[in-house]
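Colleague: Need the 3D shape of this:
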Amino acid sequence: NPGSADTADDATAEPVRFGVALPQTGDQAQYGEYFEQGFELALAQINADGGVDGREIELVYEDTQADPAQAASVAQKFVDDSSILSVLGDFGTPATAAGSPIYQAAGLPQFAFSASASTVTDPGDYIFATWVSQEYEAPRLAEFAAEQGDKAAVFYHDTDWGLNTHGFFAEGAEDADLEEVYATGYNPESTDFRPLLLAAQATDPEVIVLISYAADGALITAQARELGIDVPIVGISSIYNQQFIELAAEAAEGVETLSYFTPTNPDENVQAFIADFAAAYDVETPSDYAIRAYDALTVVAQAAEQASEAGELTRESLRDALAEGSDFDTILYGPITFAENRRVVDADQYALVIRDGAFELRD
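Modeller: Now for the predicted structure:
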């Protein structure tokens, strides 16, 4: 019966649908914009190249505002839609973690590409993460800060992510002989950090350390300089973002950070990506978050291709392909293979400094 063959072809030709949980509105909407840049570029390239085993990929965006309460309801919405084979997101650890138990319980793979707490994949075997855990990144930041001085004033988010990261930073500081003469948690949505900065200044630090996002880190930096605090400032990789430079303006000059990406990387894949990104968005340097989103979709698509070629593409077969596959191509890290805890366990970072309004490799 020719009709039955047509029906089978129609079923195979149905799009491969992935959910995206991200902040499209609210305080973190800038990050959602970066995510969409990375996703849409990857989507266009993958679909132009034949999609997943001949099927187009379709992305379903849901706005969470990076708010844990909304992230949980979006997770339930995705879980209830049987056509969604994986979810990419959310922004940051708190919102990401709010959805994880829901995805895990339903057997829907969550690809957490922008959450770095050491606990991200703890909810179970359907949760994957590509940001290197703060267990590795935060002690490295402490060593980096110790190059600037022996006494540090440390500012960190008063959230699970900030506390988790600061805990690992403090351990690394001890090993690096870096004394925390001042350390404070703060609300990342605050706008006036002057009282905290004055308290920090009173302890006579030789370096300020930011365990921050771009917007709040930029405010702390600008207000520190405004108060005449002129010690070096070092930030965690989350500040590698043009928004930090735009918001901190002249105060950003000389701020240093560690990043997994530098536009000066001569790797031909990296250079091709930068050229494609510039052509699509007229942006000279892609945000770290746009790159992470681009990589997230390309990795999940590679795994989906493997699962589809091996048999039926389902939530479970996609999970297995991610867990068992190796050498998935990425821009940020090169080829990656997930460790037993479904994470990228370690990767090299570049030391960057802001000069003339741009991130450059530090000499």
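
Colleague: Do me a favour and get the end-to-end distance for stretch 276-289?
Modeller: Criterion Cα to Cα, to the nearest Å; first-to-last residue distance in stretch 276-289 is 16 Å.

Colleague: So which bits of that stretch are buried?
Modeller: Buried residues in stretch 276-289, counted by 16 or more other Cβ atoms under 10 Å: 276-277, 285-289. Just so you know, the C-beta spots here come from the backbone N, C-alpha and C atoms, and that holds for glycine as well.

Colleague: Can you tell me which one of these sits lowest on pLDDT?
Modeller: Lowest pLDDT of those: Thr285, 83.

Colleague: Need the buried residues of stretch 276-289 in TSV (columns: distance to Ile84 and secondary structure).
Modeller: Formatted as TSV, these follow (distance: Cβ to Cβ, whole Å; DSSP: H, G, I helix; E, B strand; the rest coil):
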residue	distance to Ile84	secondary structure
Asp276	27	helix
Phe277	27	helix
Thr285	32	coil
Pro286	27	coil
Ser287	26	coil
Asp288	26	helix
Tyr289	22	helix
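
Colleague: Turn the residues you listed into a markdown table, including distance to Asp204.
Modeller: Converted to a markdown table, those look like this (distance: Cβ to Cβ, whole Å):
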| residue | distance to Asp204 |
| --- | --- |
| Asp276 | 48 |
| Phe277 | 43 |
| Thr285 | 36 |
| Pro286 | 39 |
| Ser287 | 35 |
| Asp288 | 33 |
| Tyr289 | 35 |
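
Colleague: so which of the residues you listed comes closest to Val79?
Modeller: Tyr289 (25.0 Å; Cβ to Cβ).

Colleague: what's the closest non-adjacent residue to the closest one?
Modeller: Nearest residue to Tyr289, sequence neighbours excluded (Cβ to Cβ, 6 or more residues apart in numbering): Tyr34, at 3.9 Å.

Colleague: who are the neighbours in contact with the one you found?
Modeller: Shown in contact with Tyr34 (Cβ atoms under 8 Å, 6 or more residues apart in numbering): 241, 287, 289-290, 293.

Colleague: just checking, Glu316 touches Gly107?
Modeller: Yes: using Cβ atoms under 8 Å, Glu316 makes contact with Gly107 at a distance of 6.3 Å.

Colleague: Give me the distance between whichever strand or helix holds Ser100 and the centre of its chain.
Modeller: Assessed by DSSP states H and E, Ser100 sits inside helix 92-106. Relative to its parent chain, helix 92-106 has a centroid offset of 15 Å by Cα atoms, centre = their mean, to the nearest Å.

Colleague: Many thanks, I have nothing further to ask.
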